[in-house]
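> output the structure for:
(4 chains)
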Number of protein chains: 2
Amino acid sequence: MFEKVLVTEDLGSINHGIANILHERTGVKEVQQAQYCDDAYLKFRRALRDDKPFDLLITDLSFKESHRQRELVSGLQLIDAIRLIQPDIKVIIYSMEDRPAKVKSFFKEQSINGYVCKGRYGLNELVQSVGEVYHNNTFISPLLANAMNKNNVFELKDYDLLLLKHLSDGLTQEEIRMYFKRNHISPNSISSIEKRLNKLKYNFKAKNAIHLVAMTKDLGLL
Amino acid sequence: MFEKVLVTEDLGSINHGIANILHERTGVKEVQQAQYCDDAYLKFRRALRDDKPFDLLITDLSFKESHRQRELVSGLQLIDAIRLIQPDIKVIIYSMEDRPAKVKSFFKEQSINGYVCKGRYGLNELVQSVGEVYHNNTFISPLLANAMNKNNVFELKDYDLLLLKHLSDGLTQEEIRMYFKRNHISPNSISSIEKRLNKLKYNFKAKNAIHLVAMTKDLGLL
DNA sequence: AAATTATTTATGGTTTCCCGTAAATAATTA
DNA sequence: TAATTATTTACGGGAAACCATAAATAATTT
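Numbers count the residues shown, from 1 in each chain, chains lettered A, B, ... in the order given. Presented below is the predicted three-dimensional model:
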C-alpha cells in the first residue's frame, strides 16, 4: 500500500476526516495534510529533496480566497505543478464537481488516476479509490461513471471548444475567422466555422448559437 | 439564545462539526441534525405538533443524489416547505455558493436571515451569524458582503430575467414577443424587447446577445 | 384640459447569422 | 498518376439581429 500520502483541502474538518479514515481503513502509513495549494507544493518539493517523496496526492479542486497571497489557487494548478517535479505521482481528486465533461477533461488533461465525488458516500468511495489506484487502476465515483456512460457525450475537439469559447466571449464569426487565421488554426473560413457550428447545434439539439452556448455552459464545457 | 436548532447538511462529518461548535461556542441548548431535506421537514412537523418547535434552521443548499426517493431535493425547497408550516422560522444558509446575485435572491425570495459561505472561516462566521440572527439582525459572510457592495449589481427586474431566460433557451425575439403577448406581459413589442436588451448589453458591457447570456450565466443570474 | 415628459411601438437600413449549393483544394485509394 | 473521396472555401438568398429615428400612446405636471 501507499507509504506517504498528502491530502490538500481547505476545510480543516474534512481534511481531518479524510486523514483519519485513511489511517483506519487503508494501510497507508503516513498521511499529511495541507490547507493551501502552495503549502502542498512545498511539502512535495521538500519530500522529494529529502528523498522521501509522497506517492499519492489527494486534492480538492476549489479553494476559497483568503488573506494570504497565493501562487497556486486551484487543485488543477497544484497537480500540474507537482507533475513537473514528480511526473509519476498518482493523483486522486476529491471534489464537489459532478459535471461529466469536466471530470472527463481531468482524466485527459491532468491524467489523474481517480475521481471521487464529494457527497454522502464520498469517504467510502475515497477509501475504495485509494485501493484501486494503488493497483494501477483508475477510479470514478459510480454515480458519475454511470452518467458519463449513458450520457453519450459528443466528443468535442479543442477546435470546437475554442470556437465556443470565442462565441461566448462575444466575437462575431468574422472575428473568430480572423483570430484563427492569425493563429494558423485551420479551418479558418467563415464557411467552415458555420459548418462546425451547425454540427455542434445539431449534436446538442440547440435552436441557435445563443442556445448552444447556454447549453454548453450548463454542461460545464466552457 | 435559541433553544432548538436543526442543522441540515448531507455530509455527516460537516454536520457533526457544526453541531459540536454550536454547542461549544453558542448557548444553543439543543442541536439536531438531518442528512436529507425530507427528514428535516418531518422533524420540523413533528416538533411543531409536539409543541416544541425549532426556532432556527441551518441548512446547506445542494444535496447529492442518493438511492432514496426524495420529495425535497434542495435547501431552497426545504426552506419554502417549512415556511409554509412555520412562517416565522429563522433561517441561515451555510453553503459553497458565492455568487452575489444568487445570495441576494435568497434574501429576497426566501427571506432568509443569514448567509454563511463555506470556506476557511465558515464555522467561525456561522457562530457569529447565529448570534446576529438571534438578535434579529441579518448576517452575510464579510467577503461576500464586500463583493455585493462594490460590485455595483445592476438591478435586474423579473422582466429582464425572463427575457434572458428565454433568450438562453434559444427563442428568437419574435418568439419572445409572442410569449409576452400571450401571457399579458408588457412591454411586448419587438422594439421594446430590443431596447431592453440593449440596456442589458450596455450595463453588462456585453458585445452581443450571446456574450450577454454567457456573462449572466457566469454571474449566476440564470 | 393642455402641455410636458416618459414609455412603448413602428419603420427602415445595415450587418450578421443561417442554410443550401457549388466550386476548389487536399487527402486517399486504385 | 489518375480517379475517388473528403474537406475546405466561396457565394447567394433569406431570416434574424442590430441600430437609429420617428410616431403613437401613456403618465405626469402645470
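> in chain A, where is pLDDT below threshold?
A:150-155 (pLDDT under 70).
> next, the contact list for the one residue in chain A that gets nearest to DNA strand D, please.
Closest approach between chain A and DNA strand D, counting by Cβ to the nearest atom of the strand: residue A:187, at 2.7 Å. All C-beta atoms are positioned from the backbone trio N, CA, C, and that covers glycine. Residue A:187 makes contact with A:180, A:193, A:196, according to Cβ atoms under 8 Å, 6 or more residues apart in numbering or on different chains.
> just residue A:199 next, same as before
Residues near residue A:199 by Cβ under 8 Å, 6+ apart: none.
> you'd agree it is in a helix?
Yes: applying DSSP: H, G, I helix; E, B strand; the rest coil, one finds residue A:199 inside a helix.
> for the closest residue to residue A:122 other than its chain neighbours, give me phi and psi.
Distance criterion Cβ to Cβ, 6 or more residues apart in numbering or on different chains; nearest residue to residue A:122, sequence neighbours excluded, is residue A:116 at 6.1 Å. Residue A:116 adopts backbone torsions of phi -120, psi 130, taken as degrees, to the nearest 10.
> OK, contacts around residue A:116?
A:92, A:93, A:94, A:95, A:122, A:125, A:126, A:129, A:139, A:141.
> let's go with 10 Å and repeat that
A:58, A:92-95, A:122-130, A:139-141, A:144 (Cβ atoms under 10 Å, 6 or more residues apart in numbering or on different chains).
> quick one: secondary structure of the residue of chain A most remote from its centre?
Most distant residue from the mean C-alpha position of chain A: residue A:191, 33.6 Å away (Cα atoms, centre = their mean). Classification of residue A:191 using three-state DSSP returns helix.
> wait, what's in contact with it?
Residue A:191 sits in contact with A:173, A:177, where contact means Cβ under 10 Å, 6+ apart.
> just the buried residues of the contacts of residue A:116.
Using 16 or more other Cβ atoms under 10 Å in any protein chain shown as the burial test, these include A:58, A:92-95, A:122-123, A:125-130, A:139-141, A:144 as buried.
> so which of those residues are in helices?
A:122, A:123, A:125, A:126, A:127, A:128, A:129, A:130, A:144 (DSSP state H).
> just the helices in chain A please.
Counting by DSSP H, the helices of chain A are A:12-25, A:37-49, A:75-85, A:100-109, A:122-134, A:142-150, A:158-168, A:173-182, A:190-204, A:209-218.
> do stretch A:195-207 and DNA strand C meet?
Yes: counting by Cβ under 7 Å from any atom of the strand, DNA strand C is contacted by stretch A:195-207 at A:197, A:198, A:201.
> scan those and report the most crowded one.
Within the residues of stretch A:195-207 next to DNA strand C, residue A:197 tops the neighbour count with 20 neighbours, counted by other Cβ atoms under 10 Å in any protein chain shown.
> quick revisit: mind putting the helices of chain A into TSV with distance to residue B:38?
Shown next, in TSV, are these (distance: least, Cβ to Cβ, whole Å):
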stretch	distance to residue B:38
helix A:12-25	25
helix A:37-49	37
helix A:75-85	33
helix A:100-109	27
helix A:122-134	20
helix A:142-150	19
helix A:158-168	38
helix A:173-182	48
helix A:190-204	34
helix A:209-218	26
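> using TSV, lay out these together with distance to DNA strand D.
Compiled in TSV, the helices of chain A are given as follows (distance: least, Cβ to the nearest atom of the strand, whole Å):
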stretch	distance to DNA strand D
helix A:12-25	44
helix A:37-49	39
helix A:75-85	30
helix A:100-109	22
helix A:122-134	37
helix A:142-150	26
helix A:158-168	9
helix A:173-182	8
helix A:190-204	3
helix A:209-218	7
